[in-house]
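Undergrad: Predicted model and sequence follow; I will ask about them next.
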Amino acid sequence: MKLKAKAGQEAKKAWTLSRFTREFGGWVFMLPSLVLFAFFVWEPMGYGVVLSFSKLRAFDIVGFAGLDNYKYVLNHPYFQTALINTVKYAFWSLIIGYMVPIIVSTVINEVVHLQRFFKFVSYFPSLVPGVAALLMWQFLLTPGDEGLINSVLLEVFGIEPLPFLQNPSWTIPILIIALTWKAAGSTTMVYLASLQSINPELYEAASLDGAGVWSKIRYITIPGIYNTARLMLIMQIISIFQILYEPMVMTGGGPSNASLSLMFLSYQFAFDKIQFHYASVVGIIVSLILLVLTAIYLKFVKPQDS
Amino acid sequence: MKRFLLILMAFLIAAMLATGCNKDASSKPTEELDPDAAVTIKVGIWAKDSDAAGLQAWENYKNVMAENYPNITMVPEPYSYSADTFIPMAVSGTAPNIFLCPFTEPNRLITNNFVADVTSLAERYGFKDGMVKEMLEVGMMDGKIYGIPRGGYALSLFINMDLFKQAGLVDSEGLPIYPKTFDELAETAKTIKQKTGKSGFALPSRDRQGGWQFSNIAWNFGAKLQYQDESGKWKNGLNSDGAVAALQYYKKLKWEYDVLPADSLINYEKLYQLFGTGEVGMIIAGSDSFSRPVSSYGMNKDSIAVAPIPAGPGGQYSLLGGNMFMFSHNSTPNQLEACFKLLKVIGMTPDVNDDMLKSIEEDILVRLQNNIPVGPQSLNVWSNSERVNAEQKIYDKYTNVNMKLFQPFYDVVNKTLKAEEPYYCQDMYSALDNAIQECLTNKDADPKAQLDKAAKDFQQFLDQV
């Protein structure tokens, strides 16, 4: 305890003018990005908080609303649906999407020939513009016998046309598949980097000791990527909580609000109804949920020492 | 250092909050009116690049403007209104000086201060006295005029004559045997499906357009969607018998008659596409868009016929809509004046004069060249009968479609017009969208239960009136 306090004091001492002048150059280098951050990230964040407590006329603040905006949003008929849906999105994205990049990167890492080609192929969907990719999925998934997947199913397997996105209980998993197809590539690259940083000597040593493929994965690969996977899990939850384009483009939130997400609700407040204060409230609620989730997660799932 | 950084950040944030992103939201133009001063306007009503006929017409307008008003520079900024793109532009002060928007919009644009008050110009240019009062009032608030109606429309039943002919649904004169009741509509649709394999009918169900069209059909089934009770409070009738019967009818079309497209999550634009490409026999659409399936989806101009929406047990109604010119709030008096001069040049003027007649005629000639229907007009916005007749005369001269195909609609439309419900329409439509989607995607959905839920959800909005 004492030791810690002492260290703290020393650290404080270290923040002196001489150190500032020594690091001045560094700060100058950081200044542009700090300014950009302040302008594009912190300012809007701060302004969002202000808006959420304000009475608005379009973007003009005309008074202080106290907690009225929060009450309104929490009692809004679609808020609860959107919240539950968003949790469903997160659940399905973990079920469907979490393992995909891990498996793909492990396989690519093991491939000897054409590794670059496979890296490119797995990253390629990330290069396709978002809306174009979603329209492609929509085209593939058209219900009825005119849909591409449906006509293949019918012609080849004799399966009756499937409703796909029109079935409320399939909508979210299907949107997650479309999202995973597009986003898994970049996560795969992160895992690959982490896999390639594992010391190959470990595998050699394991082979000498007679370990098989599964033991190598179990005792070398998984511990090697554990910290990355730990971070990626919470990052994935954070990004899924902000899902917007997929339901907006493919289903408009339907059928019957079955795919309405919190961010889509926020979008509707802001741009369909010109109620930026309510939109900000939804945004703030989402960030509070994520803050709490992340804090709990980081507390209970600790990083492993390498 | 940390403190220094904190102070720096706090300062930056404070500075940005103070200067903010909403630069122009409340600034009022202070410039004096000077009709000859050089002025530049951003024209949002310019034709889009994809619209060859429109571009040609605008080339003409541009020449006339340059000739008559050399001080006015026009910057083409073709813009089709949607709330989600307009608001950011209005907030940042980059909206076009003149643009078109649907009748559903003026209310919120005016209350949010996004559009300019043009009362004095509207008076001076004769719009105030020369237009149909009900139409002009859509763009007014507290006695001030903010918008100039361009045209009104009534929802109507578009008929694809190619499919009707294939299905044998034409009389000896070659005119469509169109449905006059909802039962007939279902039967007609069924015949089309059986004889041609195409969907007989299609309905929108998303982006609040499902609820929009549903409200019209519900009226015809006898629903009162919004009303005041004895105490004067506003109540909704989304789950009233008429509305439930209407939704029951939707459900039957989908699951019993099986005449709707397989895709049940479609919007209004998709309707035009399905109709224009011959995938659907009948749709409900606005009477200002007879040319849309032709210009956007390559339909033959002679293949369109139009009838009124069938009568139901509650009567026969046609939802009244339209679009109007509005002007961005940060336009200077000179810019507004220039916009009104432009209106005159494109033929939007209440009095009869040669320029205006010439401009209408030129516009028609361009449409003729491009094989777009000329003849059937939307609802009239002018109260001056001299003007109405003068314009009609030009149309009569150049009509290129068989007007008998449109006659059933014109015969009844004026008796059936009904304006949208008064309050929170977008929220009402979105609640209805949900009920419709449920009934079109789930065979076992209960329309009454769905509408009970919609009514409960929507009442929260009506309670705020």
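TA: Perfect, I can see it now.
Undergrad: confidence score at residue A:62?
TA: pLDDT for residue A:62: 85.
Undergrad: Kindly apply the preceding question to residue B:161 instead.
TA: 96.
Undergrad: What is the neighbour count of it?
TA: For residue B:161, the neighbour count with other Cβ atoms under 10 Å in any protein chain shown is 21. For the C-beta atoms, the positions are set from N, CA and C on the backbone; glycine is no exception.
Undergrad: do residue A:242 as well
TA: Residue A:242 sits with 16 neighbouring residues when counted by other Cβ under 10 Å.
Undergrad: how deep is residue B:106 tucked in, by neighbour count?
TA: Neighbours of residue B:106 (other Cβ under 10 Å): 22.
Undergrad: Can you read off the pLDDT for it?
TA: For residue B:106, pLDDT reads 90.
Undergrad: how far away is it from residue B:215?
TA: When distance is defined by Cβ to Cβ, to the nearest Å, residue B:106 is 19 Å away from residue B:215.
Undergrad: and what of residue B:381?
TA: Using Cβ to Cβ, residue B:381 is found at 23 Å from residue B:215.
Undergrad: Just want the residue of the stretch 151-300 of chain B that's nearest chain A.
TA: Here the residue of the stretch 151-300 of chain B nearest chain A is residue B:262; by Cβ to the nearest Cβ that distance is 2.0 Å.
Undergrad: Residue of the stretch 1-150 of chain A nearest chain B, please.
TA: Nearest residue of the stretch 1-150 of chain A to chain B (Cβ to the nearest Cβ) works out as residue A:144 at 2.0 Å.
Undergrad: wait, doesn't that residue sit right on residue B:260?
TA: No - in this structure, residue A:144 is not within contact of residue B:260 by Cβ atoms under 8 Å, at 10.0 Å.
Undergrad: Isn't residue A:211 up against residue A:217?
TA: No - look at residue A:211 against residue A:217 with Cβ under 8 Å: they stay out of range, at 9.7 Å.
Undergrad: Between the two, which has more neighbouring residues?
TA: Using other Cβ under 10 Å as the criterion, residue A:211 and residue A:217 rank with residue A:211 on top: 16 against 13.
Undergrad: on that earlier part again, skipping its backbone neighbours, what lies nearest the residue of the stretch 151-300 of chain B closest to chain A in space?
TA: residue A:144 (2.0 Å; Cβ to Cβ, 6 or more residues apart in numbering or on different chains).
Undergrad: what comes up buried for stretch B:260-280?
TA: Neighbour counts over stretch B:260-280 (16 or more other Cβ atoms under 10 Å in any protein chain shown) mark B:260-268, B:270-276, B:278-280 as buried.
Undergrad: Of these, which belong to helices?
TA: Here DSSP state H is the test, and the buried residues of stretch B:260-280 give B:268, B:270, B:271, B:272, B:273, B:274, B:275, B:276 as lying in helices.
Undergrad: could you pull out the strands for the chain?
TA: Since you didn't name a chain, this refers to chain A. A:54-57, A:60-64 (DSSP state E).
Undergrad: You answered for a different chain; I wanted chain B.
TA: B:39-43, B:72-76, B:98-102, B:140-141, B:144-145, B:147-160, B:199-202, B:226-228, B:234-236, B:280-286, B:304-307, B:318-327, B:417-419.
Undergrad: Let me see the mean pLDDT of the second one.
TA: Confidence over strand B:72-76, taken as the mean pLDDT, stands at 95.
Undergrad: Kindly report the same for the fifth one.
TA: Averaging pLDDT along strand B:144-145 gives 95.
Undergrad: got it, and the fourth one?
TA: With pLDDT averaged residue by residue, strand B:140-141 scores 92.
Undergrad: Which neighbours in the sheet does that strand have, and how are they oriented?
TA: Strand B:140-141 has these partner strands in its sheet, going by DSSP bridges: strand B:144-145 (antiparallel).
Undergrad: any residues touching the strand it pairs with, and which ones?
TA: B:117, B:118, B:119, B:122, B:123, B:127, B:128, B:136, B:139 (Cβ atoms under 8 Å, 6 or more residues apart in numbering or on different chains).
Undergrad: Next step: those residues restricted to helices.
TA: Those of these lying in helices (DSSP H): B:119, B:122, B:123, B:127, B:128, B:136.
Undergrad: and the third one, how many neighbours?
TA: When neighbours are defined as other Cβ under 10 Å, residue B:123 has 12 of them.
Undergrad: Get me the contact residues on the stretch 151-300 of chain B for chain A.
TA: Remark: the part of the stretch 151-300 of chain B in contact with chain A comprises B:205, B:206, B:207, B:208, B:261, B:262, B:263, B:264, B:265, B:267, using Cβ under 8 Å from any Cβ of the partner chain.
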